[in-house]
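Colleague: Turn this into a model:
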Amino acid sequence: MLWLAVVLPTLSLEVFASRPAPFAVIEDAVVVACDDQARARGVTSGLSVGQACALCPSLSWRGRDRQAEAALLEGLASLAYGLSPHVVARPEGVLLRFTDQASPVGDPQRLMAHAEAVLGAAQYVFTIAVAPTAACAWLCARGGLRSLWTARDPWRQGLRSLPISHLPLGTSVQAACQALGLYEIGELLDMPRAGLIRRFGAGLVQVLEDLMGERAPTEPFWTPAPQFRRRLLFAFPVATETALWFALQRIIGEWVTVLQARAACARRVTIMLTYEDRSAGSQVLTLARPEREAPVLMRLVRERLRDLRPPSAIVAVALQSPLERAEMDNLPLWRDGQWYEQGFRGFVDRLHARLGHDAVRFLSLQADHRPERATVERPWSPLCGAGPRPCFMPERPLWLLDPPERLAVVGAAPQCRGVLRFLQGPERLETGWWDGPVVRDYFVAINPHQERLWVFRTPQSEWFLQGYFA
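Modeller: As a prediction, the model looks like this:
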């Protein structure tokens, strides 16, 4: 087997968008991570806040958010699931299992290059390594070693020269090894296992057995969630559209990468904002067709937030969307009406994003032979065109007048910008006494200006204009 390890060394920093420099993340008044500028001024993990501020007076910091870190790792695992169906989630990254000979993208070299390209497109800060065992790959990735070892390589020999400090051992065990003059992993491997157990306990031997592949991995494989959810915190409250869109671009980039890796698509998107006054708001975008292209989704989200007026500064932004495995529309062989339909649904999505869901409406037919009651206005939904499409009769105009317009009558002939000439009719429409009795004789007529009209006559010989034909 071949294992690929991905470690996020700056995980606690990555959950904050628009970080001012120098910046640090603290937990229990102790620094747990800092950026390069803070590190250049002497700030390191383990220092107290007071010590860090003494070394770097301009240091900015925020408390650690483990919930946001878990959400970021969930997105990383979902992205990795598109590369391999065998993913192991860990607190600092993920492990992916492949065969030693090949992967879905080719040989191990291409596999590693493809994984780096996918992770880079999602804007992760990561270290990566490939090795025949999960423990070895994880050890190299956590140590920042970009190793690429297969079962045919002398990976055990290369592993022997690595320092013992890379091993996941307690501080007491690390100190005891240094006291005995043990600094490299090879020196531990050469010692009798029974003696190591007596001196350090069984935990050290189990770590070595995992490292050398002498024990089968016991960690369960990760199960993908049915939806994508990503939340970013701002280091300080922001009130500008530029800062908000910077964070959303990062989330949408990761979202699109996950959609493409999982062969999924999006139909419904919820954008959640948390404000400085502890209130929250959400914007829901429902798409007329499934989508997973980055430019389209970014444009729709930007249009949806175009007229956003937050009540106060924004402290966090989140995006949530179900991962649907609906098949994308296939392109037709000939440029027929399907091209028009795809363009129309994209146009409706843009209207939804700009105007809101209730502002886009359509006419739906209902069973009533009276023209003014045969259609009803409803909000547009992606399922509008899912059922059988109604067939409009050619003698029924789409443009109806409400109420009908009374026509002048000269010598028993109706007038509408001139004398009307009848093309079709009469057609009798009549309702029952229980439903507001109506008796009408409809005609399709044309006037001297070549306008096709739909007119009707009442039993009292009154004429009315009901609608226009296009």
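Colleague: for stretch 197-205, which positions count as buried?
Modeller: F200, L204, V205 (16 or more other C-beta atoms under 10 Å). C-betas here are computed from N, CA, C, even on glycine.
Colleague: do you know how far the first one is from P108?
Modeller: Same thing as F200. 34 Å (C-beta to C-beta, to the nearest Å).
Colleague: what does T257 give?
Modeller: The spacing between T257 and P108, counted by C-beta to C-beta, is 22 Å.
Colleague: Likewise for W454?
Modeller: 73 Å.
Colleague: Which residue is the nearest non-sequential neighbour of Q174?
Modeller: Ranked by C-beta to C-beta, 6 or more residues apart in numbering and with sequence neighbours excluded, the top spatial neighbour of Q174 is S165, at 6.4 Å.
Colleague: Likewise for R230?
Modeller: I251 (4.8 Å).
Colleague: residues in contact with that neighbour?
Modeller: Each residue near I251 by C-beta atoms under 8 Å, 6 or more residues apart in numbering is listed here: R230, L232, V317, A318, L319.
Colleague: Relative to E14, how far out is it?
Modeller: Per C-beta to C-beta, I251 is found 12 Å from E14.
Colleague: Next, give phi and psi for the residue nearest to R230.
Modeller: The phi/psi pair for I251 (degrees, to the nearest 10) reads phi -70, psi -40.
Colleague: thought R302 was touching E241?
Modeller: No - counting by C-beta atoms under 8 Å, R302 does not reach E241; the two are 9.2 Å apart.
Colleague: Lowest-scoring secondary structure element of the protein by mean pLDDT?
Modeller: Across the helices and strands of the chain, mean pLDDT, DSSP states H and E gives its lowest value to helix 337-355, namely a mean of 60.
Colleague: measure the residue nearest the centre of the chain to E451 for me?
Modeller: Central residue of the chain (C-alpha atoms, centre = their mean): W255, 3.4 Å from the mean position. Distance, W255 to E451, using C-beta to C-beta: 52 Å.
Colleague: Could I get the full set of strands for the stretch 351-470 of the chain?
Modeller: 361-365, 375-379, 399-406, 408-410, 413-415, 421-430, 439-446, 452-457, 463-468 (DSSP state E, counting those that start in this stretch).
Colleague: packing partners for the longest one?
Modeller: Counting contacts by 3 or more C-beta pairs under 8 Å, 6 or more residues apart in numbering; DSSP states H and E, strand 421-430 is packed against strand 439-446, strand 452-457.
Colleague: In contact with Q249, which residues are there?
Modeller: M298.
Colleague: still on that earlier bit, compare W454 and P108 (neighbour count), which wins?
Modeller: When neighbours are counted by other C-beta atoms under 10 Å, W454 comes out ahead of the other of W454 and P108, with 25 against 22.
Colleague: That one contacts Q466, correct?
Modeller: Yes - the pair W454 / Q466 is scored as a contact, 4.7 Å apart, by C-beta under 8 Å.
Colleague: where do the contact lists of those two overlap?
Modeller: Contacts common to W454 and Q466, judged by C-beta under 8 Å, 6+ apart, are P397, Y442.
Colleague: Would you list the phi and psi of the nearest residue to Q283 once chain neighbours are set aside?
Modeller: Excluding its sequence neighbours, the residue lying closest to Q283 (C-beta to C-beta, 6+ apart) is I271, at 4.6 Å. Main-chain dihedrals, I271, degrees, to the nearest 10: phi -110, psi 120.
Colleague: Please look at I271 and L319 and confirm they touch.
Modeller: Yes - counting by C-beta under 8 Å, L319 is a contact partner of I271 at 5.6 Å.
Colleague: okay, and the common contacts of those two?
Modeller: By C-beta under 8 Å, 6+ apart, I271 and L319 have these common neighbours: L248.
Colleague: returning to that earlier point: hmm, which of the contacts of I251 are the buried ones?
Modeller: Among those, those scoring as buried are R230, L232, V317, A318, L319 (criterion: 16+ other C-beta under 10 Å).
Colleague: Just the pLDDT at the last one, thanks.
Modeller: Among the per-residue scores, L319 shows a pLDDT of 91.
Colleague: Got phi/psi on it?
Modeller: Torsion angles, degrees, to the nearest 10, at L319: phi -130, psi 130.
Colleague: Same question for the one 4 residues further on.
Modeller: Main-chain torsions, L323, degrees, to the nearest 10: phi -90, psi 100.
Colleague: Count the neighbours of it for me.
Modeller: 19.
Colleague: roughly how far apart are it and R262?
Modeller: From L323 to R262 the distance is 6 Å (C-beta to C-beta).
Colleague: Can you flag which of the contacts of I251 belong to helices?
Modeller: Assigned to helices by DSSP state H, none of the contacts of I251 qualify.
Colleague: could I get these as JSON lines with distance to R90?
Modeller: As requested, the contacts of I251 are exported to JSON lines (distance: C-beta to C-beta, whole Å):
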{"residue": "R230", "distance to R90": "19"}
{"residue": "L232", "distance to R90": "22"}
{"residue": "V317", "distance to R90": "26"}
{"residue": "A318", "distance to R90": "23"}
{"residue": "L319", "distance to R90": "24"}
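Colleague: Tell me the one of those nearest R361?
Modeller: L319 (27.0 Å; C-beta to C-beta).
Colleague: Surely that closest one touches V269?
Modeller: Yes - between L319 and V269 there is a contact under C-beta under 8 Å: 6.8 Å.
Colleague: how far away is E293 from R299?
Modeller: The value you get for E293 to R299, if C-beta to C-beta is used, is 10 Å.
Colleague: likewise A413?
Modeller: 56 Å.
Colleague: residue boundaries of the helices in the protein?
Modeller: Secondary structure of the chain by DSSP H: the helices cover 11-14, 36-40, 49-55, 66-81, 108-121, 134-142, 155-160, 171-179, 185-189, 193-200, 202-212, 241-261, 294-304, 337-355.
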